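# Fold the following for me, if possible:
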Amino acid sequence: MSNQSLQIILGSNSPRRRELLAGLGVAFSAISIDADETYPADLQAGDIPMYISRAKAHAYESQLKENELLITADTIVWCDGQMLGKPHNETEAFDMIRLLSGKTHQVYTAVTFAEKSHQTSGVSLETIVDKTDVTFAELSDEEIRHYVQQYKPFDKAGAYGIQEWIGYMGCTQLEGSYFNVMGFPTHLVYKELKKRGVK
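This is a model prediction of the structure:
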């Protein structure tokens, strides 16, 4: 995919998102955005990553130039009515995976596309949200501990990477996009880019 007139900027530190966007054949530059990721307490499920991905876009919008498209994203795991973000330590990671064991949970990823508006002097934002249902087998404490200690999943929502050992041995069912669970619903991103003439 290429469109020389549109410069794509991926506002993400995630090596997985960078790899997945590159996998679409898109030329882009990647930057890191320092944004406040707190959100209103009444938000639930997919509304949480939507809010945060838009906050990331807002944090950079003053630097956005004509013919630039900024892409920001956020992913959360939702289980038993609670949000699981990134764990801060091994204990939190263990507790998160123990909660997911033997259950079906949801992974929500929101992707925001920001461009300078031609109608106004501001920036227009469009956000998409994707959901995938993931089911884990019953995991033993020993298996969870092994994964946390060996893979140190502290940069991953819900304390796991579906593409790692725990996904190989523990994921029994997946309904929706696999890449959404990795943090980037590539099929929807492709559709949005195509809509903007990137092909």
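# When you work out contacts or count neighbours from here on, use the C-alpha atoms and nothing else.
Noted.
# Is residue 96 within a helix or a strand, and which one?
Secondary-structure assignment from DSSP states H and E places residue 96 in helix 90-100.
# So which elements touch that helix?
Of the remaining helices and strands, those touching helix 90-100 by 3 or more C-alpha pairs under 8 Å, 6 or more residues apart in numbering; DSSP states H and E are helix 141-151.
# list the buried ones in the helix it packs on?
Within helix 141-151, the residues that count as buried by 16 or more other C-alpha atoms under 10 Å are 144-145, 147-148.
# What is it packed up against?
For helix 141-151, the elements it packs on are helix 90-100, judged by 3+ C-alpha pairs under 8 Å, 6+ apart.
# what's the following helix or strand after the helix it packs on?
Following helix 90-100 in sequence, per DSSP H and E, is strand 104-116.
# Can you show me the CA trace of the helix or strand following that next one as CSV?
As assigned by DSSP H and E, the chain's next helix or strand after strand 104-116 is strand 123-136. Written as CSV, here are the backbone C-alpha positions of strand 123-136 (Å, rounded to 0.1, in the frame of the first residue of the first chain):
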residue,chain,number,x,y,z
VAL,A,123,-8.3,18.4,13.7
SER,A,124,-10.9,15.7,12.9
LEU,A,125,-10.9,12.4,14.8
GLU,A,126,-12.5,9.2,13.8
THR,A,127,-12.4,6.2,16.2
ILE,A,128,-13.1,2.5,15.6
VAL,A,129,-13.5,-0.2,18.2
ASP,A,130,-13.1,-3.9,17.8
LYS,A,131,-13.9,-6.7,20.2
THR,A,132,-12.7,-10.3,20.4
ASP,A,133,-13.9,-13.0,22.7
VAL,A,134,-11.0,-15.1,24.1
THR,A,135,-11.5,-18.3,26.1
PHE,A,136,-8.8,-19.7,28.3
